[in-house]
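Asker: Structure here, sequence nowhere to be found:
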């Protein structure tokens, strides 16, 4: 059974940092690109960052570039991290990780499958 489990969310003050984790299990994901998305109340789910299967290539939305870092570890299972620094109130959202499986732009959520349940990030001003 495929499972993606996000963790590491919480409440933090503006300017603070959080590190999100996404543990993927149930099949081998070491050959798949993966990504992070977020969804704020009343808004569409938006792309945050993506990483290639090897970790050699990364992509970021303009809104988080320079503040967030995506990384991954491919050992027995795949774990994808999102280090978030200099957090802003507008970063408040539920953060999801997903597996890139379909031939779309890496920023397109329709290209992703196997979504996790999400982890809440709240940044207070």
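Answerer: Structure's in. What do you need? Note that this is a predicted model, so its numbers are computed, not measured.
Asker: what residue is smack in the middle of this structure?
Answerer: Nearest to the geometric centre of the chain sits residue 36, at 2.2 Å (C-alpha atoms, centre = their mean).
Asker: Buried residues of stretch 65-83, list them for me.
Answerer: By 16 or more other C-beta atoms under 10 Å, the buried positions in stretch 65-83 come out as 68, 69, 70, 72, 74, 78, 79, 80, 81, 82. Heads up, the C-betas are built off the backbone N, CA and C, glycines and all.
Asker: Note down every partner strand of the worst-scoring helix or strand of the chain on mean pLDDT and its orientation.
Answerer: Least confident helix or strand, the chain: strand 112-113 with a mean of 91, by mean pLDDT, DSSP states H and E. Next to strand 112-113 in the sheet, as set by DSSP bridges, lie strand 93-100 (antiparallel).
Asker: that's a helix at the residue nearest to the centre of the chain, yeah?
Answerer: No. Residue assignment for residue 36, taken from DSSP: H, G, I helix; E, B strand; the rest coil, gives strand, which places it outside any helix.
Asker: My guess is it contacts residue 96. True?
Answerer: Yes. Using C-beta atoms under 8 Å, residue 36 makes contact with residue 96 at a distance of 7.0 Å.
Asker: Any regions of this protein where pLDDT drops low?
Answerer: Within the chain, not a single segment meets pLDDT under 70.
Asker: the strands in this protein, which residues?
Answerer: Here the chain has its strands, by DSSP state E, at 3-7, 10-13, 18-25, 34-39, 46-51, 58-60, 68-74, 78-84, 93-100, 112-113, 119-124.
Asker: coming back round to it: pick out the most distant pair among the buried residues of stretch 65-83.
Answerer: 68 and 74 (20.3 Å; C-beta to C-beta).
Asker: Let me see the contact set for residue 95.
Answerer: Residue 95 makes contact with 6, 9, 20, 36, 37, 38, 48, 82, 118, 119, 120, 121 under the criterion C-beta atoms under 8 Å, 6 or more residues apart in numbering.
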